[in-house]
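A.B. asks: fold the following, please.
(one chain, ligands or ions: 1)
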Amino acid sequence: MNRPSLFALVAVPLLASSAWSQAATLREAATAAGINFGTATNSNQVRDASSAYATIVKTQFSMVVCENEMKFESTESPIGTYKYGGGDGVAAFAKANNIKLRGHNFIWHSQSTPAQSAVTDRTSGLKVMHGHIENVGTHFKDDVYEWDVLNETYSGGTRSLWYKIGADYTDSALSIARKVLGTSAYLVSNDYGADGVNSKSTAILAIAKGWQDHKVPIDGIGFQCHLGSGIRKDDISANIKRFGDLGLRVSLTEIDITNSKAADWTNLMNACLENFNCVNFVTWGLADGNSWLGSGCGGCLLYSGSSNSAQPHQDIIDALIDAMKKADPTIAAKRKAFAALPPGSLGPGTVIGLYDLSKPTAHRGKNLSGLAPMPVFSTSTGGVVDPLGRVKSFAPARINGLEILTP
Ligand code: XIL
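C.D. replies: Numbering: from 1, shown residues only. Alright, predicted model coming up:
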């Protein structure tokens, strides 16, 4: 063996290990696995982008969500009077740091005081709903990647103020959101207590299937994941999978795990990593002292302290990064191709290939994911759903430079 090849033997592992160590942050490791890693924040915490808190957020996270400032009573009070200062602050921080923004939320029974008296029946309810989604949605249209159009719908039931519109108020909200937002944002229904396989998540699954069957626009389901220690990976993974079987994205949207240990976090992360349709992993606040649970948090987030004094729970963060580094590359590739499908294009069925039309002709035949066939989604009839939720039948579908071939 001569010198150059000896050098090569040494050099290759060195190169490999330096590429490996590049995934040193949660953000980098998540990006490699095709997941957006997020946290809830408030605009005052990120106004000074050089603060200790903001520095952690922009280094470790690739997604943010307003903890309160995009809710009904924060954006519209009284009815017809809009204010966006808080949301704009978080949106500007996100944009400046190449961070995706979740919108939380349009339609909820809580923190919606002005709507409470204004919504008295179907007519007034639809008017208020339309005005709110149209104004707030349009204002943040260029900023928001994914909206919780519906929040806690299945816990609200008849007690939701929106129920005065009728049991189909959820369908109206989703349809209005698609009309206002077009394909600029994914539309999500977000709920708590539905993280594993249980009667509530089973009901949500049936409702989501009903939306698809009736062409009500829905892109994804949010599981809030307000959890306690003792996370059951297989249960949560099986739940995420059955929504994936319908072609729905899943976002874990408000994660906190009371009295958590590293194994709880890796169990939850692995439930996500095992499923190509699990695309967002978002913690509800940065540090334990910021948690809405107060003293009940008991170590429920990834940092101790609060805001500018936040200190990493390093063992948990290291374990999460390690779990993400070990993500199955086949599933990660599939997740990236799936997540690249634009809003409004999903539904049950099978897509056999995704082709990048911007590439030279020679590469056109190259399946982006390297997999075929690939259970990603158009509709069961081989079409796609247009921005208003109507099925369009054309094959191949071409959206945003991706050619989607259906069988
Ligand atoms: C919470 C916020 O964290 C608190 O600051 C606020 O006082 C009440 O709302 N489910 C949701 C979130 O969808 O919007 C809630 O956020 C927590 C439960």
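A.B. asks: so how many other residues sit close to whichever residue of the stretch 1-150 of the chain sits closest to the ligand?
C.D. replies: The ligand sits closest to residue 67 of the stretch 1-150 of the chain, with a gap of 4.8 Å, by C-beta to the nearest ligand atom. Placement of C-beta: from N, CA and C, glycine included. Counted with other C-beta atoms under 10 Å, residues neighbouring residue 67 total 21.
A.B. asks: so which strand or helix has the residue nearest to it when sequence neighbours are not counted?
C.D. replies: In space, and not counting its chain neighbours, residue 67 is closest to residue 40: 4.2 Å by C-beta to C-beta, 6 or more residues apart in numbering. Element membership of residue 40 [criterion: DSSP states H and E] is strand 36-41.
A.B. asks: now that strand: mean pLDDT?
C.D. replies: The predicted model assigns strand 36-41 a mean pLDDT of 98.
A.B. asks: where do the strands sit along the stretch 201-350 of the chain?
C.D. replies: In the stretch 201-350 of the chain, the strands defined using DSSP state E, counting those that start in this stretch lie at 220-223, 226-228, 249-258, 278-283, 303-304, 311-312.
A.B. asks: quick check: mean pLDDT of stretch 272-288?
C.D. replies: 97.
A.B. asks: can you point out the buried residues in that stretch?
C.D. replies: Of the residues in stretch 272-288, 272-288 count as buried by neighbour count, 16 or more other C-beta atoms under 10 Å.
A.B. asks: got it, and stretch 35-55?
C.D. replies: Buried, per 16+ other C-beta under 10 Å, within stretch 35-55: 35-43, 45-46, 53-54.
A.B. asks: possible to save these as TSV with distance to the ligand?
C.D. replies: TSV is the format used below for the buried residues of stretch 35-55 (distance: C-beta to the nearest ligand atom, whole Å):
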residue	distance to the ligand
35	21
36	18
37	19
38	14
39	12
40	7
41	11
42	8
43	13
45	12
46	16
53	16
54	19
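A.B. asks: coming back round to it: which residues does the residue of the stretch 1-150 of the chain closest to the ligand contact?
C.D. replies: Residue 67 is in contact with 40, 41, 42, 284, 285, 292, counting by C-beta atoms under 8 Å, 6 or more residues apart in numbering.
A.B. asks: before we move on, the earlier item: run through the neighbouring helices and strands of the strand holding residue 40.
C.D. replies: Applying 3 or more C-beta pairs under 8 Å, 6 or more residues apart in numbering; DSSP states H and E, we find strand 36-41 packed against helix 26-33, helix 52-60, strand 63-66, strand 100-107, strand 278-283.
A.B. asks: now with 7 Å, please.
C.D. replies: Counting contacts by 3 or more C-beta pairs under 7 Å, 6 or more residues apart in numbering; DSSP states H and E, strand 36-41 is packed against helix 26-33, strand 63-66, strand 278-283.
A.B. asks: so can I have a markdown table of the ones you listed showing distance to residue 256?
C.D. replies: Below are these laid out as a markdown table (distance: least, C-beta to C-beta, whole Å):
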| stretch | distance to residue 256 |
| --- | --- |
| helix 26-33 | 16 |
| strand 63-66 | 13 |
| strand 278-283 | 7 |
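A.B. asks: so which bits of the stretch 51-200 of the chain are right by the ligand?
C.D. replies: 67, 68, 151 (C-beta under 6 Å from any ligand atom).
A.B. asks: for residue 99, state which of those residues is nearest.
C.D. replies: Taking C-beta to C-beta as the measure, residue 99 lies nearest residue 67 of those, at 15.1 Å.
A.B. asks: read off the pLDDT value for the closest one.
C.D. replies: Per the predicted model, pLDDT is 98 at residue 67.
A.B. asks: and for the residue in the stretch 301-407 of the chain that the ligand sits nearest to, the neighbour number?
C.D. replies: Closest to the ligand within the stretch 301-407 of the chain is residue 301: 11.7 Å, counting by C-beta to the nearest ligand atom. Residue 301 is flanked by 27 other residues according to other C-beta under 10 Å.
A.B. asks: hmm, it is touching residue 256, no?
C.D. replies: Yes. The pair residue 301 / residue 256 is scored as a contact, 5.9 Å apart, by C-beta atoms under 7 Å.
A.B. asks: need the residues touching each of the two.
C.D. replies: 283, 291 (C-beta atoms under 7 Å, 6 or more residues apart in numbering).
A.B. asks: point out where the stretch 201-350 of the chain drops to low pLDDT.
C.D. replies: Counting by pLDDT under 70, the stretch 201-350 of the chain has low-confidence residues at 345-350.
A.B. asks: same thing but at 90, please
C.D. replies: 203, 206-218, 244-247, 330, 333-334, 336-350 (pLDDT under 90).
A.B. asks: would you mind naming what in it lies close to the ligand?
C.D. replies: So far as C-beta under 6 Å from any ligand atom goes, the stretch 201-350 of the chain lies against the ligand at 224, 254, 292.
A.B. asks: can you list the residues you listed in CSV and add distance to residue 200 and neighbour count?
C.D. replies: As requested, those are arranged in CSV below (distance: C-beta to C-beta, whole Å; neighbours: other C-beta atoms under 10 Å):
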residue, distance to residue 200, neighbour count
224, 12, 22
254, 16, 25
292, 21, 15
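A.B. asks: for these, which one is nearest the ligand?
C.D. replies: For these, the nearest to the ligand is residue 292 (3.2 Å; C-beta to the nearest ligand atom).
A.B. asks: doesn't residue 149 fall inside a helix?
C.D. replies: No. Under DSSP: H, G, I helix; E, B strand; the rest coil, residue 149 sits outside any helix and is assigned strand.
A.B. asks: any idea how far the nearest residue to it once chain neighbours are set aside is from residue 146?
C.D. replies: In space, residue 149 comes closest to residue 177 once its chain neighbours are excluded; the distance is 4.5 Å by C-beta to C-beta, 6+ apart. Computed as C-beta to C-beta, to the nearest Å, the residue 177 to residue 146 distance reads 11 Å.
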